[in-house]
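# Here is my input, please return the structure:
(one chain, ligands or ions: 1)
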Amino acid sequence: MKILETNYMGLRLKNPIVAGSCGLTSTVEGIKRLAESGVAAVVLKSVFEEEVIKEHEETLKNNLGAFENNMEFLDYYDYQIKDDVLKKMAGIIEEAKNQVDIPIIGSLNCATSGEWFSYAKQLEKAGVDALELNVFKLPFDINQKADEQEKLYLSIIEKVKQHVQIPVAIKIAPYSSNLAAMVKKLDDAGADGITLFNRFYNVDFDIMTDEVKAGNPYSSEHDYFNTLRWISILSGKVNADLAASTGIHSAETAIKMIMAGASVVQLVSKLYKDGAGSVAGILKNITHWMDKRNYVSIDEFRGSVHHEPKENAERFERVQFMKYFSSHNAE
Ligand SMILES: Cc1cc2nc3c(=O)[nH]c(=O)nc-3n(C[C@H](O)[C@H](O)[C@H](O)COP(=O)(O)O)c2cc1C
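Next up is the predicted model:
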């Protein structure tokens, strides 16, 4: 018998496959479908403070009239609407907790730093088993100093950790002026898990109409290399558990991430492309591979291909094609 069980931020999971945060995890039916497919945990669709505010502005526009300049009323309205959005999410969490027996991880994206811990507390109260903070803000301001962004992320994790008891992961972007040091700081600030990496909404151009349009939202099976590199470099160097995200479309890639040191792998694009049913095949193929390699448990091969020894370090740290390292013969 193969032991696929794995530990992630203190949660005992039946296997290392987690459904990542996306639209598929935004309803009780979606969560149930994923749980039935065999995933060991789900990360809920993020609650976006920005969306709450937008909804709030719409409602205000439609209902305000005579109250337009009444700040006290506006304040009340603000809290009322935020409350409604969080209540709806709490309802989903409570019902999902009744219907599935896998851990449910709440996800948050707040625009203002003050709201992070308040939303986090409410999700905790609703019953999530852990939280994942989705914190990236595009550093497009040419006047912003590098450490302003860093400080913001650190203060968010510190504040949330002060206010909730459940484990807290932070999901980060691959773009940072000093990624390894930043991850260490997040670890020191108390993150129980670090999800590497988020993949974002992309923009594209239509060259016939000059329009800016949405780029393909889904990753391909070749998009995993950067995640693999960083999981390998960081595993064993931080206390936080590492969750691999981006480009995981097969058992083979999932195995590589675990070999690099990931506690869990998160799937999103694969679930959109091939449905929740594809999880069973991935789990089966992981088990087959474990048979072939005589592994009994996931823990036996976690971190088996590491940044160190020296010859691996050279490969992980090299980014220029000075000499092609692959077994292929590239001229
Ligand atoms: C349609 C869609 C919606 C997503 N929504 C969220 C979200 O609400 N919160 C979040 O943290 N990540 C969100 N993501 C990012 C995914 O969780 C994941 O990190 C990313 O897609 C990379 O994984 P993949 O290669 O398996 O797709 C979304 C991705 C997609 C494709």
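# Going along the chain, name the helices of the chain.
With DSSP state H, the ranges of helices along the chain come out as 28-37, 49-63, 71-99, 115-126, 146-163, 179-188, 225-234, 251-260, 269-274, 278-292, 298-301, 310-317.
# Among these, show the one with the smallest mean pLDDT.
For those, mean pLDDT drops lowest on helix 49-63, to a mean of 62.
# pLDDT score assigned to residue 70?
With respect to pLDDT, residue 70 has a value of 61.
# go on, residue 140?
pLDDT at residue 140 comes out at 84.
# And for it, the neighbour number?
6 (other CB atoms under 10 Å). For every residue, glycine as well, the C-beta is placed using N, CA and C.
# That one and residue 247, how far apart?
Between residue 140 and residue 247 the distance is 25 Å, computed by CB to CB, to the nearest Å.
# next one: residue 6
Taken as CB to CB, the span from residue 6 to residue 247 is 20 Å.
# And residue 12, how close does it get to the ligand?
23 Å (CB to the nearest ligand atom, to the nearest Å).
# Show me what that residue is bridged to.
residue 7 (DSSP bridges).
# you'd agree it is up against residue 4?
No. Judged on CB atoms under 8 Å, residue 12 makes no contact with residue 4 at a distance of 11.6 Å.
# okay, those two: which has more neighbours?
The residue with more neighbours, out of residue 12 and residue 4, is residue 4; 18 against 10, by other CB under 10 Å.
# List the contacts of the more buried one.
14-16, 283, 286-287, 297-298 (CB atoms under 8 Å, 6 or more residues apart in numbering).
# same check, this time on residue 178
residue 146.
# Enumerate the residues of the stretch 51-200 of the chain near the ligand.
107, 134, 171, 198-199 (CB under 6 Å from any ligand atom).
# Return the set of buried residues in stretch 193-204.
193-199 (16 or more other CB atoms under 10 Å).
# what's the average pLDDT for it?
This predicted structure assigns stretch 193-204 an average pLDDT of 93.
# Kindly check the end-to-end length of that stretch for me.
Stretch 193-204 has an end-to-end distance of 32 Å (CA to CA, to the nearest Å).
# in stretch 246-260, what counts as buried?
By 16+ other CB under 10 Å, the buried positions in stretch 246-260 come out as 246-251, 253-260.
# If you could redo that for stretch 18-29, that was the one I meant.
18-22, 24-25, 28.
# which among the residues you listed gets closest to residue 235?
Taking CB to CB as the measure, residue 235 sits nearest to residue 18 out of the buried residues of stretch 18-29, at 16.9 Å.
# Just grab the bridge partners of the closest one for me.
With DSSP bridges as the rule, residue 18 is bridged to residue 41, residue 266.
# re earlier: would you list the buried residues of stretch 246-260 in CSV and tack on distance to residue 144?
CSV is the format used below for these (distance: CB to CB, whole Å):
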residue, distance to residue 144
246, 25
247, 29
248, 32
249, 35
250, 39
251, 42
253, 35
254, 37
255, 40
256, 35
257, 32
258, 37
259, 38
260, 32
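# Pipe the residues you listed into JSON lines and attach distance to the ligand per row.
Shown next, in JSON lines, are these (distance: CB to the nearest ligand atom, whole Å):
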{"residue": "246", "distance to the ligand": "4"}
{"residue": "247", "distance to the ligand": "5"}
{"residue": "248", "distance to the ligand": "5"}
{"residue": "249", "distance to the ligand": "7"}
{"residue": "250", "distance to the ligand": "11"}
{"residue": "251", "distance to the ligand": "14"}
{"residue": "253", "distance to the ligand": "10"}
{"residue": "254", "distance to the ligand": "11"}
{"residue": "255", "distance to the ligand": "16"}
{"residue": "256", "distance to the ligand": "14"}
{"residue": "257", "distance to the ligand": "11"}
{"residue": "258", "distance to the ligand": "15"}
{"residue": "259", "distance to the ligand": "18"}
{"residue": "260", "distance to the ligand": "16"}
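# Neighbours of the closest residue to the ligand within the stretch 101-250 of the chain, how many?
In the stretch 101-250 of the chain, no residue comes nearer to the ligand than residue 219, which is 3.1 Å away by CB to the nearest ligand atom. Residue 219 has 20 neighbours, counted by other CB under 10 Å.
# ditto for the one 10 residues further on
Neighbour count of residue 229, defined by other CB under 10 Å: 19.
# Not including adjacent chain positions, what is the nearest residue to it?
Spatial nearest neighbour of residue 229, chain neighbours left out: residue 316 (5.6 Å); criterion: CB to CB, 6 or more residues apart in numbering.
# show me what contacts the closest residue to residue 23 other than its chain neighbours?
Spatial nearest neighbour of residue 23, chain neighbours left out: residue 45 (6.0 Å); criterion: CB to CB, 6+ apart. Applying CB under 8 Å, 6+ apart to residue 45 gives the contacts 21-23, 25-26, 107.
# what about residue 297, distance to residue 83?
Residue 297 is 45 Å from residue 83, by CB to CB.
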